[in-house]
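J.: please work out how this folds:
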Amino acid sequence: GKRAGNTEGSTTGGGWKPTPSDQELILGQQTWTMIDTLIGLVWEPEVQQEKVYVTASQFFRRGMRSGHIRMLGDALRGAVAEAVGEERFDETARNAWEWFWRDLSSWLVRELDSLSAGVPDTVLRTWKQVNATVEVENLGEIFWTQVTYEAPEQTNLYRLPLRMWGFLFKHIVNMLVLSARQPERFYGELFDLVIRHIRYGVRAEFLNPMGKAIMSVLAETLGDAWDDVAIDAWKTVFRRVANSMARGLNLGANSVTHGLVSGNVEAFEKALSVAPRESRADWLCKVDCNGLAISPLYWAIDDGKLTIAEFILGDLLTIRVDMKRYYYGRQELFEYHSDLLQELASKCPKLVQVVLDGLMWHSKEKSGRKVRTPLSLSLSLSL
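T.: Numbering: from 1, shown residues only. Reported below is the predicted structural model:
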């Protein structure tokens with residue numbers, strides 16, 4: 001029969017079918033996009049959950065609630081069965097779909113219930129109260145005290161006056177509020193946030209102690225307003241953000257990035273010592289930070305760690321040999337840094353000489369497996 005509020009339809013195919021409204025078409029497209037995206041991420045459940053956070057917020061704004069999820073699942077299952085045909089949608093396919101939908105539906109229910117409980121409004125309301133009643137320097141003193149108690153090792157990451165600690169706390173909490181109220185925007189900015197924290201030297205194990213410090217500051221500044229509703233809301237929001245941050249920090253942090261953060265050449269060289277000889281140049285030219293290749297050389301230059309930058313250039317342009325072959329990182333250096341000389345000339349001209357000293361002229365013509373090149377050797381013999 002016809003649905004209330006939608007009297008337009010089509011008789012194509014032998015029966016009357018309602019014509020979907022624009023809102024229904026948008027919801028259908030969002031749902032199908034969600035399913036297609038999440039199936040593609042079936043081996044990355046943490047990323048799946050992040051996508052669900054965003055989608056649940058979109059669904060909620062369109063009027064969907066947790067009570068609709070079961071009906072949605074039945075409709076999707078029927079649509080898939082109809083699309084692939086009953087013969088192909090056999091027991092194996094049905095079990096696979098049930099397995100996929102079980103976790104997805106539970107995540108959607110949890111997020112929609114969280115939105116229905118007003119979690120985003122609660123964190124915004126209580127944060128506005130703190131902003132309106134606590135001076136930034138006082139906020140910084142409270143935050144510094146709590147971080148010193150909960151996570152003393154992290155005070156060395158941020159050597160700041162108390163006023164700046166207050167602004168740091170505001171920045172952190174503003175990101176938490178953003179994640180609750182505009183998850184799509186927050187996850188769009190998450191990568192840059194993770195990279196900044198890797199460069200500060202933050203590790204995944206630092207997040208929980210920092211979370212305790214943040215909760216303690218909110219408890220102290222909110223007073224009676226720090227009730228069960230506020231506590232649950234802030235813990236929900238922080239847990240979600242911390243999980244996403246930890247995933248990014250674990251993927252992006254490795255011995256090479258830790259060596260870069262330390263600024264110590266010996267630590268960096270030690271981290272590099274475990275690289276296979278054939279992979280050494282690649283390790284020096286790129287590190288994978290949460291899915292994006294970043295140049296350790298440019299990282300060191302931008303952070304002013306020129307001794308590490310000089311070491312990288314010297315190591316890449318050193319000729320090495322083992323029983324298999326010779327190794328010389330010139331090709332990798334310019335392949336990953338096509339604007340190398342321009343960057344060096346503008347940011348640290350003294351490193352241009354390091355590059356030039358490491359380069360070697362050779363003929364473009366080959367003779368068998370050999371290529372002509374001028375070469376001078378300095379030998380030191382000890383008898």
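
J.: residue ranges with poor pLDDT in the stretch 201-350 of the chain?
T.: Along the stretch 201-350 of the chain, segments meeting pLDDT under 70 span 252-253, 289-292.

J.: let me see the ranges of the helices in it.
T.: Counting by DSSP state H, counting those that start in this stretch, one finds helices in the stretch 201-350 of the chain at the ranges 207-222, 228-252, 255-262, 265-272, 280-285, 296-302, 306-316, 330-336, 340-347, 350-358.

J.: put together a markdown table for these, with distance to residue 177 and mean neighbour count on each row.
T.: Placement of C-beta: from N, CA and C, glycine included. Shown next, in a markdown table, are those (distance: least, Cβ to Cβ, whole Å; neighbours: other Cβ atoms under 10 Å):
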| stretch | distance to residue 177 | mean neighbour count |
| --- | --- | --- |
| helix 207-222 | 12 | 19 |
| helix 228-252 | 8 | 18 |
| helix 255-262 | 28 | 20 |
| helix 265-272 | 37 | 16 |
| helix 280-285 | 39 | 20 |
| helix 296-302 | 30 | 21 |
| helix 306-316 | 37 | 20 |
| helix 330-336 | 38 | 16 |
| helix 340-347 | 36 | 14 |
| helix 350-358 | 43 | 15 |
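
J.: out of the ones you listed, nearest to residue 40?
T.: Residue 40 lies closest, by Cβ to Cβ, to one member of the helices of the stretch 201-350 of the chain: helix 228-252, at 17.3 Å.

J.: run the chain-centre distance for the closest one.
T.: Relative to the centre of its chain, helix 228-252 is centred 13 Å away, using Cα atoms, centre = their mean, to the nearest Å.

J.: mean confidence score for the strand or helix carrying residue 113?
T.: Using DSSP states H and E, the element containing residue 113 is helix 91-116. The average pLDDT for helix 91-116 rounds to 93.

J.: thinking again about what came up before, got a markdown table for the helices of the stretch 201-350 of the chain, with distance to residue 146 too?
T.: Shown next, in a markdown table, are the helices of the stretch 201-350 of the chain (distance: least, Cβ to Cβ, whole Å):
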| stretch | distance to residue 146 |
| --- | --- |
| helix 207-222 | 4 |
| helix 228-252 | 14 |
| helix 255-262 | 24 |
| helix 265-272 | 30 |
| helix 280-285 | 39 |
| helix 296-302 | 31 |
| helix 306-316 | 34 |
| helix 330-336 | 42 |
| helix 340-347 | 39 |
| helix 350-358 | 43 |
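
J.: nearest to residue 86, out of those helices?
T.: Minimum separation from residue 86 across the helices of the stretch 201-350 of the chain (Cβ to Cβ) falls at helix 228-252, 39.3 Å.

J.: and residue 159, which of the helices of the stretch 201-350 of the chain is closest to it?
T.: Between residue 159 and those, the tightest spacing by Cβ to Cβ is seen for helix 255-262, at 14.7 Å.

J.: put the alpha carbons of the closest one into PDB.
T.: Output of helix 255-262 as PDB, limited to C-alpha atoms (Å, rounded to 0.1, in the frame of the first residue of the first chain):
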ATOM      1  CA  SER A 255      62.400   3.400  15.900                       C
ATOM      2  CA  VAL A 256      63.200   5.800  13.100                       C
ATOM      3  CA  THR A 257      60.600   8.400  14.100                       C
ATOM      4  CA  HIS A 258      61.600   8.000  17.800                       C
ATOM      5  CA  GLY A 259      65.200   8.700  16.700                       C
ATOM      6  CA  LEU A 260      64.100  11.800  14.800                       C
ATOM      7  CA  VAL A 261      62.100  13.100  17.800                       C
ATOM      8  CA  SER A 262      65.000  12.600  20.100                       C
END
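
J.: now it against helix 228-252, angle please.
T.: 110 degrees (axes from the mean of the first three to the mean of the last three Cα atoms, to 10 degrees).

J.: just checking, what packs against helix 255-262?
T.: Under the contact criterion of 3 or more Cβ pairs under 8 Å, 6 or more residues apart in numbering; DSSP states H and E, helix 255-262 touches helix 183-200, helix 265-272, strand 287-289, helix 296-302.

J.: out of the ones you listed, flag the one nearest residue 279.
T.: helix 265-272 (10.2 Å).

J.: stretch 56-74: how far from the chain's middle?
T.: On the basis of Cα atoms, centre = their mean, stretch 56-74 sits 27 Å off its chain's mean C-alpha point.

J.: quick check: end-to-end length of that stretch?
T.: 18 Å (Cα to Cα, to the nearest Å).

J.: looking at that stretch now, give me its mean pLDDT.
T.: On average, stretch 56-74 scores 91.

J.: pull out the buried positions in that stretch.
T.: Within stretch 56-74, the residues that qualify as buried are 56, 57, 58, 59, 60, 64, 66, 69, 72, 73, counting by 16 or more other Cβ atoms under 10 Å.
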